[in-house]
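> Structural data only, the sequence is not supplied:
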């Protein structure tokens, strides 16, 4: 597709369940980023992929969070045993080296 | 020290005013610089790139000062529609990745 695609766009889950969020970056973009944003707050960096490897995962808030990227393309962010504080919009972005990043429209996660 | 630092604001300015935002970055090896705009409940979108020679796009002017490691955004003749959060972005710093500032909130008042 022409842009970054994220799915699902909205997800409501029960506390304690696992969720998986998907990101399809722009074709050919080697860098991929996950952020999360709570209402009224700034972007919180989670993890950065260059190809299939993650040189910077310093933003993952706990070991309940993990992410992988396969084939230098699609990435999934998994949150295990979700908690209410995990509720936020999860944004994915991709870029080429030294170029601007393009964002998907995000996944709005609500943990009830 | 954060890689990219911005004043979160909010900046409340009247219509027609000129407003300027600054942003500092810590990694002198950073290579590309951008300003993004984020509207409420939307994803950030590129506003403009920032070039060493400075660049202008209509009412918006961006400048880069490599010696002092800061970039700036000037908005002239502010419109109500300029109300948004403006994010400073640096590429090529630590891990050669894109780093976003926390954003500066601008509210243009009638």
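That came through, no problem. Here the structure is a predicted model, which means the values were calculated and not measured. Residues are numbered from 1 along each chain as shown, chains lettered A, B, ... in the order given.
> and the helix or strand of chain B with the lowest mean pLDDT, what does it pack onto?
When the helices and strands of chain B are scored by mean pLDDT, DSSP states H and E, strand B:98-100 comes last with a mean of 90. Counting contacts by 3 or more Cβ pairs under 8 Å, 6 or more residues apart in numbering or on different chains; DSSP states H and E, strand B:98-100 packs against strand A:31-37, strand B:84-91. Every C-beta, even on glycine, is put in place using the N, C-alpha and C of the backbone.
> Rebuild those strands as CSV, extending it with mean pLDDT, distance to residue B:59 and mean neighbour count.
Listed next are the helices and strands packed on strand B:98-100 as CSV, based on pLDDT from 0 to 100; distance: least, Cβ to Cβ, whole Å; neighbours: other Cβ atoms under 10 Å in any protein chain shown:
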stretch, mean pLDDT, distance to residue B:59, mean neighbour count
strand A:31-37, 96, 27, 25
strand B:84-91, 94, 13, 24
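> Tell me which of these sits nearest to residue B:41.
With Cβ to Cβ as the criterion, residue B:41 lies closest to strand A:31-37 of the helices and strands packed on strand B:98-100, at 9.7 Å.
> Say whether chain B is contacted by the closest one.
Yes - counting by Cβ under 8 Å from any Cβ of the partner chain, chain B has neighbours in strand A:31-37: A:31, A:33, A:35.
> contacting residues around the spatially most central residue of chain A?
In chain A, the centroid-proximal residue (Cα atoms, centre = their mean) is residue A:34; its distance is 3.6 Å. Residue A:34 makes contacts with A:23, A:46, A:47, A:67, A:75, A:77, A:90, A:91, A:92, as judged by Cβ atoms under 8 Å, 6 or more residues apart in numbering or on different chains.
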